[in-house]
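[1] sequence and predicted structure below; questions after.
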Amino acid sequence: MWVCQGSNLGPRSYQERVLPLNYTPKRLKVKGNYTRNTLYAQFIFSEKYLPKWEVCCILEPTYMTDTKRLQQVNTAIKRKFKDKKLVFGYGAVGARIVFVGEAPGSEEEREGKPMAGSSAKLLNQLLRSVGIDKRKVYLTNVLKYSAIKTPTPKEIKSHVPFLKEEIKTVGPQIVVTLGSMALNGVGLRQPVENIHGRVINFGHYELLPTFHPESALKNPQIKILLEADFLKLKELLKAKPVVV
């Protein structure tokens, strides 16, 4: 008696494998219920059909995220902010982690990347310190252009639908917001100081708010907190199953 059921889970297409002990894995469709974006699930099988087999079902992402869909999001942003010099998200589509910054600066505009210079260097150091490959993450900003002055809540709000669609298209397990503006951009209007390092369930992904690397470069105390939050990110990744 099968007790789980396969389906297409949003932007990622999943396939299931049944792995009997000491047996060559075969691709099989299985029946039952599992949570969206859950990669591993334990299932019960009738001993009548699978005697003495230790069975685990792995929901394996085939990374069929629609890149064209992301291009459509960027095209919509171009139409909305056609008078601005835009810097779009960068990284691995289908990444397990999406980092959301605030807005690009002059260095980001020059390099055409959402984070550059000393901030990018510190972020890469933090990723290395917790064993995360920078080539396997996705990085973006709430605002896609450099802001001359602090953006108003109305200005930030005008970017929110695009950011949400961007995150949905990439389909991460974890979203890490960098700074208070990034936190506001995903829907939490709180100072990052109040909730940094806390894991918040956002339905399709887990949210981990922390500080922007630029703030950490200016304040050694914030850098200590940022490093501690990245250790929490490491533990959160360990708790999220990895496809083998």
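    All right, it came through fine.
[2] show me the domain layout of this structure.
    In the domain annotation for the chain, the residue ranges read 1-64, 67-239 (automatic domain parsing).
[3] pick out the shakiest of those domains, pLDDT-wise.
    Between these, the one with the least mean pLDDT is domain 1-64; it has a mean of 36.
[4] what's the spacing between the closest residue to Ile200 other than its chain neighbours and Asn194?
    Spatial nearest neighbour of Ile200, excluding adjacent residues (Cβ to Cβ, 6 or more residues apart in numbering): Leu207 at 4.3 Å. Just so you know, the C-beta spots here come from the backbone N, C-alpha and C atoms, and that holds for glycine as well. Distance, Leu207 to Asn194, using Cβ to Cβ, to the nearest Å: 14 Å.
[5] now swap in Phe99 and tell me
    Distance, Phe99 to Asn194, using Cβ to Cβ: 20 Å.
[6] which of the two has more neighbours?
    Phe99 (28 against 11; other Cβ atoms under 10 Å).
[7] what helix or strand is the more buried one on?
    In this assignment (DSSP states H and E), Phe99 forms part of strand 97-101.
[8] doesn't Arg128 lie inside a strand?
    No: the assignment for Arg128 (DSSP: H, G, I helix; E, B strand; the rest coil) gives helix, which keeps it out of a strand.
[9] what count of nearby residues applies to it?
    Neighbours around Arg128, by other Cβ under 10 Å: 11.
[10] got a list of what it touches?
    Lys134 (Cβ atoms under 8 Å, 6 or more residues apart in numbering).
[11] distance from the top helix by length along the chain to the middle of the chain?
    Secondary structure assigned by DSSP state H gives helix 220-239 as the longest helix of the chain. Put simply, helix 220-239 sits 16 Å off its chain's centre (Cα atoms, centre = their mean, to the nearest Å).
[12] mind listing the helices for this structure?
    Counting by DSSP H, the segments of the chain that form helices are 67-80, 106-111, 117-129, 153-170, 180-185, 192-195, 213-218, 220-239.
[13] can you say which of the ones you listed is packed in most?
    Compared across the helices of the chain, helix 180-185 shows the largest average neighbour count, a mean of 24 (mean count of other Cβ atoms under 10 Å).
[14] give the other helices and strands that that one contacts.
    The helices and strands touching helix 180-185, judged by 3 or more Cβ pairs under 8 Å, 6 or more residues apart in numbering; DSSP states H and E, are strand 97-101, helix 153-170, helix 192-195.
[15] neighbours of the closest residue in space to Leu143 that isn't next to it in sequence, how many?
    In space, and not counting its chain neighbours, Leu143 is closest to Ala103: 3.7 Å by Cβ to Cβ, 6+ apart. Around Ala103 there are 23 other residues, counting by other Cβ under 10 Å.
[16] quick check: Ala103 vs Arg69, distance?
    24 Å.
[17] ok, back up a step: elements contacting the longest helix of the chain?
    In terms of contacts (3+ Cβ pairs under 8 Å, 6+ apart), helix 220-239 is packed against helix 117-129, strand 174-178, strand 206-210, helix 213-218.
[18] need the contact partners of the second one.
    Contacts made with strand 174-178 from outside it, assessed by Cβ under 8 Å, 6+ apart, are listed as 96-102, 167, 183, 185-186, 192, 202, 205-213, 233, 236-237, 240.
[19] 6 Å instead?
    Contacts of strand 174-178 with the rest of the structure, by Cβ atoms under 6 Å, 6 or more residues apart in numbering, involve 97-101, 183, 186, 205-209, 212.
[20] next one: stretch 159-172
    11-12, 65, 69-70, 73, 77, 89, 93, 95-98, 138, 142-143, 185, 205.
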